[in-house]
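In: Got a predicted structure here, sequence first:
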Amino acid sequence: MTPSQTVGPYFAMRLPWPDGPFVVPEGTPGAVTIIGRLYDGAGNIIPDGLIETWQAGPDGRFAHPDDPRGATPGGYRSFRGFGRCPTAPDGSYRIVTLKPGPLPAPDGSIEAPHLDVSVFARGLLDRVVTRMYFPDELTANAEDPVLSSIPEPARRATLIAVPEPEGHLRFDIRLQGERETVFFDV
Amino acid sequence: MTADIRTSPTVIDTGQLVLPSYERPTGLHPPLDFDAYRSTALRHPKQALVLLPHRLTEVTGPLLGDSLITPTDADLTTQHAGEPQGQRIILTGQVLDSDGRPVPDTLIEIWQTNAAGRYRHSREHHPAPLDPNFDGIGRAITDSSGKYRFVTIAPGAYPWGNHYNAWRPAHIHFSLFGRAFIQRLVTQMYFPGDPLLPLDPIFNSVPDEKARQRMIARFDIELTQPEWALGYHWDIVLRGRGASVFE
């Protein structure tokens, strides 16, 4: 296999797309806007990071050959499932998407609605992966096999977005330090 | 019917939901905490990573089609009216998974310096000239056999301030998706014989010598076009489905 190397400081030449943050077009009925900032271990914002998200549709399905259930017939037109946003000079990012549905897991459990989130930056020799969960899913989150697997229950809160005015959701990501976000070995 | 073990996906039958199973490489990727690369100091998680079993979100991924691509995206020497400065190169190879299966129809994005070692980026202050005819960015989609091809200019080395007299070896940044979230890879391709490689903390952050060598392209005289361009060959291997449940 080919090893990972850092994305470096100059990925913004190529990787950002004008519509990258829009998993669905802005103004799509039911769209939710996720905002957040990326922080380092000194509590400083990271202005040269890249956030990517991947998620199921509102029906909990993927338009992908390895989802054995297949996509919903008719599907969600213009829903890409994938979001990409570089962090701004103030460390902020934004993703506009639809809330995913819950997902069945092979062991029979149910995963609460979530986004898989990758963080790339200068100083990260490999991406780090986390998950964002939704604050209005108390019951589903309590039963989610991934959240439940996090050894220190107090740290689970780092994966749950916080409601903001205007219906936005805030998901700050802390690479290190106090309130360090939970990251996964994928 | 003859089963071909190499091409039939390994699956875990869980009754209702059957998902492909991907291997988990150990000791391949660089550690997140790596002193010699100073920027890792405040940017690496200090808590242990939590093992994430691969479920639906991890074994699927964005299948970004060729609607993103324009014909000049894969030829970085023809994106402007004039010819860029520097050594023209042809860079080709195959994207495979670690079981040897080609990865077709997958997006590759690249970015690099120009021949003088200068990136076209607002935060780049290396006093080397920009080239008005070279942006240093490209995209391609692998074909049905996983092959890709770029035409570009050999990038230059540049100083980067990590330590006294620190110079990055010439490299091209690569970003790949594969077909699953867990196959996503961002890496760098290096050139054979570069005297800066043994001195570079980023290249040497990969712990295994053989794995480091897999980041270096191979000069290919067969691919080299007479009176025109040098040829380099570089295959990229993504995580495969090799870890069988029978092992």
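Out: Structure's in. What do you need?
In: burial count for residue 149?
Out: The chain I'm using is chain A. For residue A:149, the neighbour count with other Cβ atoms under 10 Å in any protein chain shown is 14. All C-beta spots, glycine's among them, are computed from the backbone N, C-alpha and C.
In: actually it's chain B I care about, not the one you picked
Out: Number of residues near residue B:149 (other Cβ under 10 Å) recorded here: 14.
In: Please apply the same query to residue B:90.
Out: 19.
In: Beta-bridge partners for it, please?
Out: residue B:151, residue B:231 (DSSP bridges).
In: Would you mind confirming that it is in contact with residue B:233?
Out: No - at 9.3 Å, residue B:90 does not count as touching residue B:233 under the criterion of Cβ atoms under 8 Å.
In: mind listing the helices in the chain by residue range?
Out: By default, I'm working from chain A. With DSSP state H as the criterion, chain A has helices at A:138-143, A:145-149.
In: Sorry, I should have been clearer: chain B.
Out: B:56-59, B:209-213.
In: Need the winner for burial among the helices of chain A.
Out: Highest mean neighbour count of the helices of chain A: helix A:145-149, a mean of 18 (counted as mean count of other Cβ atoms under 10 Å in any protein chain shown).
In: what's near enough to touch residue B:32?
Out: By Cβ atoms under 8 Å, 6 or more residues apart in numbering or on different chains, the contact list for residue B:32 reads A:124-126, A:128, B:40, B:43-45.
In: Just the buried ones among those residues, please.
Out: Neighbour-count burial (16 or more other Cβ atoms under 10 Å in any protein chain shown) applied to these gives A:124-126, A:128, B:40, B:43-45.
In: Return the member of those nearest to residue B:227.
Out: Taking Cβ to Cβ as the measure, residue A:125 is the one of the buried ones among the contacts of residue B:32 closest to residue B:227, at 40.6 Å.
In: Once you drop chain neighbours, what's closest to that closest one?
Out: Computed as Cβ to Cβ, 6 or more residues apart in numbering or on different chains, the closest residue to residue A:125 that is not its neighbour in sequence is residue B:30, at 3.7 Å.
In: list the contacts for the most centrally placed residue in chain B?
Out: The centre of chain B sits closest to residue B:174, judged by Cα atoms, centre = their mean, with a distance of 3.5 Å. Counting by Cβ under 8 Å, 6+ apart, residue B:174 touches B:108-110, B:185-189, B:236.
In: How about residue A:44?
Out: Neighbouring residues of residue A:44 by Cβ under 8 Å, 6+ apart: residue B:42.
In: give the contact list for residue 83.
Out: As the question left the chain open, I've gone with chain A. Each residue near residue A:83 by Cβ under 8 Å, 6+ apart is listed here: A:20-23, A:51-54, A:95-97.
In: To clarify, I was referring to chain B.
Out: B:77, B:133 are the contacts of residue B:83 under Cβ under 8 Å, 6+ apart.
In: Strands of the chain, residue ranges please.
Out: Just so you know, I chose chain A. A:32-39, A:49-54, A:82-86, A:92-97, A:103-104, A:110-111, A:114-121, A:128-133, A:162-163, A:169-170, A:173-174, A:184-185 (DSSP state E).
In: wait, chain B
Out: Secondary structure of chain B (DSSP E): strands at B:11-13, B:18-20, B:50-51, B:88-97, B:107-112, B:137-141, B:147-153, B:158-159, B:167-168, B:171-176, B:185-190, B:218-219, B:230-233, B:236-238.
In: can you redo those strands as a markdown table with mean pLDDT?
Out: As requested, those are exported to a markdown table (pLDDT from 0 to 100):
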| stretch | mean pLDDT |
| --- | --- |
| strand B:11-13 | 41 |
| strand B:18-20 | 90 |
| strand B:50-51 | 98 |
| strand B:88-97 | 98 |
| strand B:107-112 | 97 |
| strand B:137-141 | 96 |
| strand B:147-153 | 98 |
| strand B:158-159 | 97 |
| strand B:167-168 | 98 |
| strand B:171-176 | 98 |
| strand B:185-190 | 98 |
| strand B:218-219 | 98 |
| strand B:230-233 | 98 |
| strand B:236-238 | 98 |
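In: Please name whichever of those strands is nearest to residue A:134.
Out: For these, proximity to residue A:134 was assessed by Cβ to Cβ; strand B:50-51 is nearest, at 19.3 Å.
In: helices or strands next to that closest one in the packing?
Out: Here strand B:50-51 touches strand A:184-185, going by 3 or more Cβ pairs under 8 Å, 6 or more residues apart in numbering or on different chains; DSSP states H and E.
In: Give me the mean pLDDT for the strand it packs on.
Out: Throughout strand A:184-185, pLDDT has a mean value of 98.
In: Quick one: distance of it to the chain centre.
Out: On the basis of Cα atoms, centre = their mean, to the nearest Å, the separation between the geometric centre of strand A:184-185 and that of its chain is 14 Å.
In: Of all residues in chain A, which one is closest to chain B?
Out: Residue nearest to chain B within chain A (Cβ to the nearest Cβ): residue A:123, separated by 3.2 Å.
In: what's near enough to touch that residue?
Out: By Cβ under 8 Å, 6+ apart, the contact set of residue A:123 is A:6, A:40, B:37, B:39-44.
In: Cheers, nothing more for now.
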